[in-house]
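[1] structure for this input, please:
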Amino acid sequence: MREVAILGVGMHPFGRYLDKSLTDLAHVAIWNALKDANVSAKDVQVAYLGNSIGGLITGQEGIRAQTVLGPNGFGGIPMVNVENACASASTAFRGVWLEIASGLYDMGLAVGVEKMHLEDKARTISALISVSQLELSKLGMQFVGEGAMRCKRYMRRYGATKEDLALVAVKNSYNGSLNPYAFHRKPYTHEEILKSPLMADPLHLFMTSSIADGAAAAILCAKETLKRYETKHPITVAGCALSSGRCRESDPLDTDEESTITLTAKVAYRQAGMEPKDIDVAEVHDAMSPIELISTEDLGFCGKGEAVQYLKKGKTQISGDIPINTSGGLCARGHPVGATGIAQIAEIVWQLRGEAGPRQVEDAKVGMCEDSGGVLFNGDNAAFTNIILKR
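    So this is what the prediction gives:
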């Protein structure tokens, strides 16, 4: 396997864009990434496009990569459509990484894009529900409810309170206020978060991610070909792991069983030859902001039951030992589900290149992106990715 580097990244700001199509959103991200990489569309030899619910939202099934990328200047190359719930973009990134690492191609494009805002909000909600296993959907289960139950399990086992959980949203809303690509750029106080409408106890509105439109893109190439290009600071893909949810009899929060997040991270750590202590900054999938606490522990950044104190001591703030979700995470940045994974990657690339502006982590050398999506009937997520980047 060859070493692979990220030459450039780009994003379309996340938000509400009723007048923009998938193609419009992707255009901005793709051409920002090409400009960042200092390459042209004709240099790209293979492309993967991640999108989760575009078929249900737009009616375009099966060939969204071709219909989105064609008008953006790409044709005649292999294009792969990737649908893998909230991990669609990170799965697309992994596909391009594998194409290049295998030696088949030297340069590729990974794109994640989603359009969720419609005049008819019921269509969007219906599409999102379909990303859970149908048996759950028929019971009326939605992602907020599933996240609330996970939080309740964590609270029961480790004695955390709703007030503790809200502290994650305080931190991440501040981080999001510093991110020009974030949908929600207002820092919330602890009181404001706990006074926002209750969605599913213990989760309040400002502790949950909102639907959004947006896109993110990355240009990858074989490290051995870097001399061909005038690039800024190529970032190496040190580890890239993909897992699926497991059939299980109990939730890891109720036992000492390792979670699928932990198992996926172990694969990435092994690929990178690293340990949790080597990570300088991380983006984690916090569709409900308190889930960040569980991920902090599952990724090995602190011991089980220690994440609340870890947070209270400021260790996950931008100036802390292991800053987490410097972008604002899903709740502040917004969550266009098919774009989130590469948005995480873009944030880590900017951090490692020292280009994150007021949210810059000092001397960040290694970063992690943890992503997951979909919900199975047994409560596990359906898809998991873990990507480790280094400069």
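[2] could you pull out the strands for the stretch 51-200 of the chain?
    79-82, 107-114, 198-200 (DSSP state E, counting those that start in this stretch).
[3] which of those strands is buried the deepest?
    Comparing the strands of the stretch 51-200 of the chain by mean neighbour count (mean count of other CB atoms under 10 Å), strand 107-114 ranks first with a mean of 31. Using the backbone N, CA and C atoms, a C-beta is placed for each residue, glycine as well.
[4] which elements pack onto that one?
    helix 22-37, strand 46-50, helix 64-69, helix 88-101, strand 213-222, helix 340-352 (3 or more CB pairs under 8 Å, 6 or more residues apart in numbering; DSSP states H and E).
[5] for Met79, find the nearest of those.
    Judged by CB to CB, the one of those that comes nearest to Met79 is helix 64-69, at 4.2 Å.
[6] buried residues, stretch 9-22. List them.
    Val9, Gly10, Met11, His12, Pro13, Phe14, Gly15, Tyr17, Lys20, Ser21, Leu22 (16 or more other CB atoms under 10 Å).
[7] the third one - that's part of a strand, no?
    Yes. Inclusion of Met11 in a strand is indicated when DSSP: H, G, I helix; E, B strand; the rest coil is applied.
[8] show me what contacts it?
    Val28, Ala29, Asn32, Tyr181, Gly214, Ala215, Ala216, Ala217, Ala343, Ala346 (CB atoms under 8 Å, 6 or more residues apart in numbering).
[9] from the chain's centroid, how far away is stretch 260-268?
    Offset of stretch 260-268 from its chain centre (CA atoms, centre = their mean, to the nearest Å): 15 Å.
[10] please identify which of the strands of the stretch 51-200 of the chain is closest to Pro276.
    Among the strands of the stretch 51-200 of the chain, strand 107-114 sits nearest to Pro276 (CB to CB), with 25.8 Å.
[11] any idea of the mean pLDDT for that closest one?
    Strand 107-114 carries an average pLDDT of 98.
[12] same check on stretch 313-326?
    Mean predicted confidence for stretch 313-326 is 98.
[13] report the separation between Thr260 and Arg246.
    6 Å (CB to CB, to the nearest Å).
[14] which one's more surrounded, the two?
    Neighbour count, other CB atoms under 10 Å: between Thr260 and Arg246, Thr260 has more, with 21 against 14.
[15] quick one: neighbours of the closest residue in space to the more buried one that isn't next to it in sequence, just the number.
    Sequence neighbours aside, Phe384 is the residue nearest to Thr260 in space, at 5.3 Å (criterion: CB to CB, 6 or more residues apart in numbering). Counted by other CB under 10 Å, the residues lying close to Phe384 total 30.
[16] can I take it that Phe384 is in a helix?
    No. Using three-state DSSP, the secondary structure at Phe384 is strand, not a helix.
[17] ok, Asp371 touching His285?
    Yes. Assessed by CB atoms under 8 Å, Asp371 is found in contact with His285 at 4.9 Å.
[18] where do the contact lists of these two overlap?
    Cys86, Thr340, Gln344.
[19] now the nearest residue to the first one once chain neighbours are set aside: how far from Leu49?
    Meaning Cys86. Closest residue to Cys86 apart from its sequence neighbours, by CB to CB, 6+ apart: Gly373 at 2.8 Å. Gly373 sits 16 Å away from Leu49, going by CB to CB.
[20] neighbour count: those two, which is higher?
    More crowded of Gly373 and Leu49, by other CB under 10 Å: Leu49, with 32 against 27.
[21] which strand residues bridge the more buried one?
    Here Leu49 shows beta-bridge partners Asn81, Val111, assigned using DSSP bridges.
[22] return the distance of the residue most central in space within the chain relative to Ser126.
    Of all residues in the chain, the one closest to the mean position by CA atoms, centre = their mean is Gly341, 3.2 Å from it. Per CB to CB, Gly341 is found 23 Å from Ser126.
[23] next: Ala33.
    Taken as CB to CB, the span from Ala33 to Ser126 is 32 Å.
[24] between the two, point out the one with more neighbours.
    The neighbour count for Ala33 versus Ser126, taken as other CB under 10 Å, is higher for Ala33 (27 against 14).
[25] if I look at the more buried one, how far off is Val96?
    Ala33 is 12 Å from Val96, by CB to CB.
[26] find residues that contact each of those two.
    Between them, Ala33 and Val96 share the contacting residues Leu109, Ala218, judged by CB under 8 Å, 6+ apart.
[27] just to revisit the earlier point, between Thr260 and Arg246, which contacts overlap?
    Asp380.
[28] would you turn the helices and strands packed on strand 107-114 into a markdown table with mean pLDDT and distance to Gly108?
    Putting these into a markdown table (pLDDT from 0 to 100; distance: least, CB to CB, whole Å) gives the following:
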| stretch | mean pLDDT | distance to Gly108 |
| --- | --- | --- |
| helix 22-37 | 97 | 11 |
| strand 46-50 | 98 | 4 |
| helix 64-69 | 96 | 12 |
| helix 88-101 | 98 | 4 |
| strand 213-222 | 98 | 5 |
| helix 340-352 | 98 | 13 |
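[29] which one of these lies nearest to Leu330?
    Between the helices and strands packed on strand 107-114, helix 340-352 lies closest to Leu330; by CB to CB that is 6.4 Å.
[30] quick one, the closest one and helix 22-37 angle?
    Taking axes from the mean of the first three to the mean of the last three CA atoms, to 10 degrees, one finds that helix 340-352 is oriented at 20 degrees with respect to helix 22-37.
[31] elements contacting helix 340-352?
    strand 4-15, helix 88-101, strand 107-114, strand 213-222, strand 235-244, strand 281-284, strand 366-375, strand 381-390.
[32] next, the angle helix 340-352 makes with the third one.
    Angle between the axes of strand 107-114 and helix 340-352 is 120 degrees (criterion: the same axes, to 10 degrees).
[33] could the helices and strands packed on strand 107-114 be laid out in TSV, adding distance to Asn81?
    Output for these, formatted as TSV (distance: least, CB to CB, whole Å):
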stretch	distance to Asn81
helix 22-37	12
strand 46-50	6
helix 64-69	5
helix 88-101	9
strand 213-222	15
helix 340-352	15
